[in-house]
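Q: with the sequence up front, the predicted model follows.
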Amino acid sequence: MSATNSRIVIKSPREIELMRAAGRLVAQVLDEAQALVCPGRTTAELNETAARIIREAGATPLFLGVRNPQARFPFPAVICSSVNEEVVHGIPSDRPLQDGDIVSIDCGVRLKGYCGDAARTFSVGERVTPEARRLLDVTREALAVALREARPNVRWSRVARAMQRCVEEQGFGVVREFVGHGIGREMHEEPKVPNYVERAQRHSDFELLPGMTLAIEPMVSAGRPEVEFGDDSHWPMVTRDRSQAAHFEHTVAVTVDGVEVLTDGS
Ligand code: MG
Ligand code: MG
């Protein structure tokens, strides 16, 4: 076992059962958001609905009040809603969604001490461009590739390479600034779970083992992968070339022969 693996907390079957419950709640929030997304709806309304579902379940939203040393204020909402060129950390607002937008909804909760974290990107209305539809398909497929490739005794870099190939073959960009993560009692645990491979990361590569719980989350740009702050709050991250971006995420548990998705609502 590598030094990196030794800092990764392996969960017991009981802990994974608790994470399944948290994951189911996240899936419920995203299902409800999916049902509500339409032209004219505001992301603030989606946030209110998410807040109610989480509160009624007796869970705690993970994003509300998160501090980021660069941001001007703590994160003010329970979901992140990132529209078009926003990649992640978009703040729900009263701006109505427009026909042709794409919107990524990211949600994290803690229920009975354990966390779930997932994201999906939705198209709004009928006027979404063919390229944006392809962006959503490819990002969803990059996550699906990871779910197929991840299994015990495989190094994460092998999975990440397959994800990166899936994206770049289509001419899209893998965002580098944000990566997936271990998850459990805390939203962010060891290890880092990147969606690309770079020589500089080879020391943090790790071997997948049963009982690891990970949030896998490809973030993909239709153009160049570089990102920057979208406004002076220093929360929303946007693509520097203002191309649209998509984000799909699942929390998974590594099993004896693959992974179990904990945030697909099953
Ligand atoms: Mg997330
Ligand atoms: Mg995450």
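A: Thanks, I have it. Ligands and ions are numbered 1, 2, ... in the order given.

Q: hmm, the helix or strand hosting Asp106 touching ligand 2?
A: Using DSSP states H and E, Asp106 sits in strand 102-111. No. Judged by C-beta under 5 Å from the ion, strand 102-111 and ligand 2 are separated, with a smallest distance of 6.7 Å. (Each C-beta comes from the backbone N, C-alpha and C, glycine too.)

Q: pull that strand out as CSV, backbone CA atoms only.
A: Provided in CSV are the C-alpha atoms of strand 102-111 (Å, rounded to 0.1, in the frame of the first residue of the first chain):
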residue,chain,number,x,y,z
ILE,A,102,-27.6,24.6,-19.6
VAL,A,103,-27.5,24.5,-15.8
SER,A,104,-25.4,22.3,-13.5
ILE,A,105,-26.9,21.6,-10.1
ASP,A,106,-24.6,20.3,-7.4
CYS,A,107,-25.9,19.2,-4.0
GLY,A,108,-24.2,17.8,-0.9
VAL,A,109,-25.9,16.7,2.3
ARG,A,110,-24.9,15.1,5.7
LEU,A,111,-27.5,12.7,7.1
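
Q: neighbouring strands for that strand, and are they parallel or not?
A: strand 60-61 (antiparallel), strand 79-83 (antiparallel), strand 114-123 (antiparallel) (DSSP bridges).

Q: what mean pLDDT does the second one have?
A: What that stands for is strand 79-83. The pLDDT scores in strand 79-83 average 98.

Q: quick revisit: which one of the strands paired with strand 102-111 lies closest to Glu32?
A: Nearest to Glu32, of all the strands paired with strand 102-111, is strand 79-83, at 10.6 Å by C-beta to C-beta.

Q: next helix or strand past that closest one?
A: Trace forward from strand 79-83 with DSSP H and E and the next one is strand 86-88.

Q: can you list contacts of that following strand?
A: 80, 82, 104, 106, 175, 178, 219, 221, 227, 230, 236-239, 245, 247 (C-beta atoms under 8 Å, 6 or more residues apart in numbering).

Q: residue contacts, Thr121?
A: Ile102, Val103, Ser104, Ile105, Leu136, Thr139, Ala246, His247, Phe248.

Q: and of those, the nearest to Arg127?
A: Nearest to Arg127 among the contacts of Thr121, with distances taken as C-beta to C-beta, is Ile102, at 11.0 Å.

Q: let's see the pLDDT reported for that closest one.
A: Ile102 is given a pLDDT of 98.

Q: need the contact list for it.
A: Val83, Asn84, Thr121, Phe122, Ser123, Val124, Val128, Ala132, Leu135, Leu136, Gln244, Ala246.

Q: which of those residues sits closest to ligand 1?
A: Relative to ligand 1, the closest of these is Thr121; by C-beta to the ion it sits at 12.0 Å.

Q: can you check the pLDDT for the closest one?
A: pLDDT for Thr121: 98.

Q: distance check, it against Gly90.
A: For Thr121, the distance to Gly90 equals 11 Å [C-beta to C-beta, to the nearest Å].

Q: follow-up on the earlier one: I'd like the contacts of Ile102 laid out as a markdown table, including distance to ligand 2.
A: Converted to a markdown table, those look like this (distance: C-beta to the ion, whole Å):
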| residue | distance to ligand 2 |
| --- | --- |
| Val83 | 19 |
| Asn84 | 21 |
| Thr121 | 14 |
| Phe122 | 18 |
| Ser123 | 22 |
| Val124 | 23 |
| Val128 | 25 |
| Ala132 | 23 |
| Leu135 | 19 |
| Leu136 | 18 |
| Gln244 | 20 |
| Ala246 | 15 |
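
Q: looking at the helix or strand harbouring Leu30 now, give me its mean pLDDT.
A: Secondary structure assignment for Leu30, by DSSP H and E: helix 13-36. In this model, helix 13-36 has an average pLDDT of 98.

Q: what angle sits between it and strand 102-111?
A: 150 degrees (axes from the mean of the first three to the mean of the last three C-alpha atoms, to 10 degrees).

Q: chain center to helix 13-36, what's the gap?
A: 13 Å (C-alpha atoms, centre = their mean, to the nearest Å).
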